[in-house]
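**Q** when you get a sec, could you give me coordinates for this:
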Amino acid sequence: MELLAAEWLVPVDGPPVAGGAIVHWGGKVRATGSAADLRRAWPGARRRELPGCALLPALVNAHTHLELTDLGAPPPGGDFVGWILEVIRRKRAAAPERWGDAVRAGAGRCLAAGQGTVADVVSEPGAAEAYPPAGQGPAVRAFAEVIAAHAAALGPALERARRTAAAAGSGWAGASPHAPYTASAAAYRSCDELARAGLWMTHLAESPAELEFCLAGTGAVPERLYATLGLSPPPAPGCHPAAWLDRLGVLGGRAVLIHCVHLGEPEVALIARRGARVVLCPCSNRHLGVGRAPGRALRAAGVPLGLGTDSALSGGDLDLWGEVVAAVEDYGWTPAEAVEAATRGGAAVLGLVDRGTFAPGQRADILAVTLSPGREPWERLLAAPRPAALWLGGVPVLGRELVVGNPHP
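**A** Next up is the predicted model:
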């Protein structure tokens, strides 16, 4: 039994508590409140003091691509299709044995940034085999990528996804049809079928190029992407990609939609009505120059929202704190709303009911963050957030030497 006390407690599902504390044992949260009250209520608990820190639930990175870590510097932004072609070139040129090292490096960066859970889109079975064992890194929820724009490619793509899912083991969460311009109607329906007991994840409405292709079948997707690859483009949906998924009958509660930059009021209302979930990646959108998602409208409509870093080749790093700050700046969210999306919101999007808050019985994924000088807790938390210590399932995995403890009650 351990009592962690800090300058501030940020429970996410309630207001910050000055001089707050949390009690955990057996891998679960047992109580939160003021440190003084908890010391009286739990006199036998081992005490740990974290002066100058805030305690909050470990972050949930709801979308990334760990296998793209250390694949060179991010390609220049501003040309979405050109960026995609460069990523494809680098993946094809990479040695098969490098995927595991990339995943281990990426998971390590996520851990160092205070992330307890990561949702990873993975296309290489060798990458999925390298996820960290339980207790040695963030818990990974793996989505096996499916790229199949035409019927002939679907069978091999699904078989590869099944091998990737098997390599991910208990971390497998669902399939990931890449996007409406790279996955056919049959691919989306197949991935939705695979997700009957879970979820599936797709990039949606990320760029103007995607929107132009879906609406009119023209632009850089057919004229540059498919032409450069020597392939024929798939038929254009002839409507907004969100409307197309709805027409296919797959836009529902199992769908996790990534980016959602180019949504109008009808699409926001449709996504909310169908109960789909959304993950926003503002730093990636900034780098690629594709625009800003309607984060305020999505929140107002009640759409479940998480935040993700996307890959190191688009966001530039795997630090979810940057996404929190960017969400405040780009969407007009309050700091509390942005932190909620990076914790409880991301957990809800991924269907994880046991983390994201400090409610009693939740998994004891606890992050201590060093506070910047100031008076207001949110300002101090986001000014220059630096993880000081991290517990996953109640086990310290980061910064143990930074924790000042009193081993005796």
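**Q** assumed Val81 was part of a strand.
**A** No. Residue state for Val81 (DSSP: H, G, I helix; E, B strand; the rest coil) corresponds to helix; a strand is not indicated.
**Q** what about it, distance to His262?
**A** Distance, Val81 to His262, by CB to CB, to the nearest Å: 15 Å. C-beta coordinates here come from the backbone N, C-alpha and C atoms, glycine included.
**Q** look at those two and report which has more neighbours.
**A** His262 (23 against 20; other CB atoms under 10 Å).
**Q** now for the residue nearest to that one when sequence neighbours are not counted: which residues touch it?
**A** Closest residue to His262 apart from its sequence neighbours, by CB to CB, 6 or more residues apart in numbering: Ala205 at 4.4 Å. Neighbouring residues of Ala205 by CB atoms under 8 Å, 6 or more residues apart in numbering: Leu211, His240, Pro241, Ala242, Leu257, His259, Cys260, Val261, His262, Leu263, Glu267.
**Q** in helices, which of those residues fall?
**A** Leu211, Pro241, Ala242, Glu267 (DSSP state H).
**Q** give me the pLDDT for the first one.
**A** According to the per-residue confidence, Leu211 scores 98 in pLDDT.
**Q** if you skip the residues just before and after it, what's nearest to it?
**A** Of all residues not flanking Leu211 in the chain, His262 sits nearest, at 4.9 Å (CB to CB, 6+ apart).
**Q** the third one now?
**A** With CB to CB, 6+ apart as the measure, Glu267 is the residue that lies nearest to Ala242, at 4.4 Å, once sequence neighbours are left out.
**Q** I'd say that neighbour and Cys239 touch.
**A** No. If you go by CB atoms under 8 Å, Glu267 and Cys239 don't touch, sitting 10.4 Å apart.
**Q** who touches both of those two?
**A** With CB under 8 Å, 6+ apart, Glu267 and Cys239 have no common neighbours.
**Q** now the residue nearest to His262: how far from Glu329?
**A** Counting by CB to CB - Ala205 and Glu329 are separated by 21 Å.
**Q** repeat that for Gly114.
**A** In this structure, Gly114 lies at 20 Å from Glu329, with CB to CB as the measure.
**Q** neighbour-wise, which of the two wins?
**A** Gly114 (28 against 12).
**Q** surely the more buried one is in contact with Leu367?
**A** Yes. Using CB under 8 Å, Gly114 is in contact with Leu367, at 4.5 Å.
**Q** mutual contacts of those two, please.
**A** Residues touching both Gly114 and Leu367 (CB under 8 Å, 6+ apart): Ala58, Leu59, Pro387, Leu390.
**Q** list only those of these flagged as buried.
**A** Buried members of the shared contacts of Gly114 and Leu367, counted by 16 or more other CB atoms under 10 Å: Ala58, Leu59, Pro387, Leu390.
**Q** surely the second one meets Leu320?
**A** Yes. Between Leu59 and Leu320 there is a contact under CB under 8 Å: 4.9 Å.
**Q** scan the protein for its longest strand.
**A** Longest strand in the chain, counting residues (DSSP state E): strand 46-57.
**Q** returning to what we had before: of Glu267 and Cys239, who's got more company?
**A** Glu267 (21 against 13).
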